[in-house]
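Chemist: Sharing a sequence plus its predicted fold:
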Amino acid sequence: MSNDQRRSFLRTGGELAVGALTAGTLIACGSSTETTPTIVHAQGSSNLAAFGWEINNLSGGSAAAYFKIQNNLVLNLVDMDVCICPLSAPAQPGLTEVLCRGQVSRGGPPVFNTAGILFFPPSSPVFGPLQTLNPGSLQIATDAQPFQDTFLNVIVKSWVPVDGTASASYRHVQIAPSLSLSAGDYLVFTMNGGEITLDAEMQVILGFQ
């Protein structure tokens, strides 16, 4: 395949990922033969760093990975792969899910709790409490209010049959947060959930200047 043919293929999208436009970037969620916008990386991300972490027995609990920001910077790109895979077949078929979040702890290390998600940054002063309309008395669970400095909020779900067939699930997300961070802040990544015992893995690339 020539360079011109290769460029034509990439523009027309032989099996390119398609998705929803969020925060100025493409979130991949499938494939199509339709023309698809090219994923545009955040401008000005002259530096890249990457890390990954894995929980090999996630079952209804939570875990976190976090690190200190050593210098003032602007976080322009977050590219994340997350995959969940049941470790054994359940006695009954059921839904399993993992909530993945990326958040900022301003001015110092995060303070964790033991109830559900491990780290809660302050509620945003810009928004009021979250309200719902529920005339059918449906079972609804919500956060009380939008959280400040939360730049990544991804749910991965899978239906797990009793033989475990085709129950692994995967998400790829790319965002351009343009998030200003100061030396002494911390980036905090959490994974929470797993009604059925799972292996959960997150791989992250950070672009910054």
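Modeler: Thanks, I have the structure now.

Chemist: show me where the chain has strands.
Modeler: Using DSSP state E, the strands of the chain run over 16-22, 25-32, 47-58, 61-68, 73-86, 94-105, 150-160, 169-175, 179-181, 186-193, 198-208.

Chemist: ranking those strands by burial, who's on top?
Modeler: Across these, averaging neighbours per residue (mean count of other CB atoms under 10 Å) puts strand 186-193 on top, at a mean of 22. Using the backbone N, CA and C atoms, a C-beta is placed for each residue, glycine as well.

Chemist: Show me the residue at the heart of this protein, geometrically.
Modeler: Val154 (3.9 Å; CA atoms, centre = their mean).

Chemist: circling back to that earlier point, which one, of the strands of the chain, ends up nearest to Thr114?
Modeler: strand 61-68 (8.4 Å; CB to CB).

Chemist: just the CA coordinates of that closest one, formatted as CSV?
Modeler: The C-alpha coordinates for strand 61-68 follow below in CSV (Å, rounded to 0.1, in the frame of the first residue of the first chain):
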residue,chain,number,x,y,z
GLY,A,61,-14.4,-2.9,46.5
SER,A,62,-12.2,0.0,45.5
ALA,A,63,-8.6,0.7,44.9
ALA,A,64,-6.6,3.8,44.0
ALA,A,65,-3.3,4.7,42.3
TYR,A,66,-2.0,8.3,42.8
PHE,A,67,1.1,10.4,42.4
LYS,A,68,2.4,13.8,43.1
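
Chemist: can you give me the mean pLDDT across it?
Modeler: Per-residue pLDDT over strand 61-68 has a mean of 94.

Chemist: that older thread, ok, the residue nearest to the centre of the chain - contacts?
Modeler: 80, 82, 99-101, 171, 173 (CB atoms under 8 Å, 6 or more residues apart in numbering).

Chemist: sorry, back to before: possible to save the strands of the chain as TSV with distance to Asn134?
Modeler: Listed next are the strands of the chain as TSV, based on distance: least, CB to CB, whole Å:
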stretch	distance to Asn134
strand 16-22	26
strand 25-32	28
strand 47-58	30
strand 61-68	27
strand 73-86	29
strand 94-105	21
strand 150-160	20
strand 169-175	28
strand 179-181	33
strand 186-193	23
strand 198-208	30
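
Chemist: Which among the ones you listed is found nearest to Ser137?
Modeler: strand 94-105 (20.8 Å).

Chemist: For the closest one, what does the pLDDT average out to?
Modeler: Averaging pLDDT along strand 94-105 yields 95.

Chemist: Strand partners (parallel or antiparallel) of that strand?
Modeler: Strand pairing for strand 94-105, determined by DSSP bridges: strand 150-160 (antiparallel), strand 186-193 (antiparallel).
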